[in-house]
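J.: Sharing a model prediction with you, sequence too.
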Amino acid sequence: PDATLVGHCIVCETELRVEAATSQNLREGLACTRCGANARQRAAAIVLFDALHDRRDARVYTTEQATPFYVALKRRLPRLRGSEFVRSPLRRLRLSLWLWRQGRREWLRFEDLTSLSMRAASCEAIVSLDVLEHIPDHRAALRECARVLRPGAPLVLTAPFHDWLADNRQRASVRGDGTIEHHAEPEYHGDPVSGGVLSFHDFGWALLDDLRDAGFSDVSAHRVRSSEMLIPQALWVLLARR
């Protein structure tokens, strides 16, 4: 039988058990056998809970909803709201039924991160994990996050972050007629809701400047590593406060 690694999962607050066979990818692997949170998601949760000072009543918005991570996080943060970029009503219905089967009696919410339906200063935290690189106008998305956050509230962000790059690199853009123009070999990332999704950006340190330009006053990049949480490789998590 495969060996099992044991630690503590900060997302579902239980003993963390990970099949060693899933440890090849130290960012996307090492998933908790109970809640499914991988190493990257646990790293983000460490930064989030520290930024919230472990408050459980905070109004938090996350840019995912039909995922095991959302379901697990909702148990810790009862006022958590999520959404998916899913325009099809039929598909939203199917994903809503999936949520119901997970014990979450809620309908799937559609949101566009560049034009959120939420009121200004209505959120006490935002969590966006590996979404920003799939948004053509990522700066508009950052401005919207700043708009809906309360003063001092945190944005916890992960994206493929290339710490050897000073600037961001544009991989693709959207032409005026809606077609895609590629500036590099097309790169698609796996997504639990929609499958492969085109990446528009390679982010470097300029992303921190983009956050400041969007209205965030306190921006930092954290290298998160924890033997207890089975995060053996330091992973980048960005934290920006309104």
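T.: Yep, it's here.
J.: Dihedrals phi and psi, the most centrally placed residue in the chain?
T.: Geometric centre of the chain, nearest residue: Leu129, 1.3 Å, by C-alpha atoms, centre = their mean. Leu129 has phi and psi values of phi -110, psi 110 when expressed as degrees, to the nearest 10.
J.: how about the nearest residue to it, chain neighbours excluded?
T.: Leaving out its chain neighbours, the residue that sits closest to Leu129 by C-beta to C-beta, 6 or more residues apart in numbering is Thr158, at 4.8 Å. Bear in mind the C-beta positions are built from the backbone N, C-alpha and C, glycine included.
J.: these two touch, right, the residue nearest to the centre of the chain and Leu73?
T.: No: applying C-beta atoms under 8 Å, one finds Leu129 not in contact with Leu73, separated by 10.4 Å.
J.: Which neighbours do the two have in common?
T.: Here Leu129 and Leu73 share the contacting residues Thr62, scored by C-beta atoms under 8 Å, 6 or more residues apart in numbering.
J.: what kind of secondary structure is the closest residue to Glu124 other than its chain neighbours in?
T.: Nearest residue to Glu124 in three dimensions, chain neighbours excluded: Ala58, at 4.2 Å (C-beta to C-beta, 6+ apart). Under DSSP: H, G, I helix; E, B strand; the rest coil, Ala58 falls in the coil class.
J.: lowest-pLDDT helix or strand in this structure?
T.: Using mean pLDDT, DSSP states H and E, the weakest-scoring helix or strand in the chain turns out to be strand 14-19, at a mean of 85.
J.: Which other helices and strands does that one contact?
T.: Counting by 3 or more C-beta pairs under 8 Å, 6 or more residues apart in numbering; DSSP states H and E, the packing neighbours recorded for strand 14-19 are strand 4-9.
J.: Neighbouring strands - and their directions - for the strand it packs on?
T.: strand 14-19 (antiparallel) (DSSP bridges).
J.: Only the buried residues of the strand it pairs with, if you could.
T.: Neighbour-count burial for strand 14-19 flags Leu16, Val18 (criterion: 16 or more other C-beta atoms under 10 Å).
J.: repeat for stretch 138-152
T.: His138, Arg139, Ala141, Leu142, Arg143, Glu144, Cys145, Ala146, Arg147, Val148, Leu149.
J.: Compile the residues you listed into TSV and extend it with columns for distance to His8 and secondary structure.
T.: As requested, those are exported to TSV (distance: C-beta to C-beta, whole Å; DSSP: H, G, I helix; E, B strand; the rest coil):
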residue	distance to His8	secondary structure
His138	34	helix
Arg139	37	helix
Ala141	33	helix
Leu142	32	helix
Arg143	37	helix
Glu144	34	helix
Cys145	30	helix
Ala146	33	helix
Arg147	36	helix
Val148	32	helix
Leu149	29	strand
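J.: Give me the mean pLDDT for the strand ranked longest in the chain.
T.: In the chain, with assignment by DSSP state E, the single longest strand is strand 231-241. In this model, strand 231-241 has a mean pLDDT of 96.
J.: what's the angle from it to strand 4-9?
T.: Interaxial angle of strand 231-241 relative to strand 4-9 (axes from the mean of the first three to the mean of the last three C-alpha atoms, to 10 degrees): 20 degrees.
J.: circling back to that earlier point, C-terminal to the least confident helix or strand of the chain, what's the next element?
T.: helix 39-51 (DSSP states H and E).
J.: which residues are contacting that following helix?
T.: Residues outside helix 39-51 that contact it (C-beta under 8 Å, 6+ apart) are 9-11, 26-30, 32, 37, 60, 69, 73, 76, 125, 127, 129-130, 154, 156, 158, 222, 224, 226, 229-233, 235, 237, 239, 241.
J.: which sections of the chain are below the confidence cut-off?
T.: In the predicted model of the chain, residues 1-2, 21-23, 192-195 satisfy pLDDT under 70.
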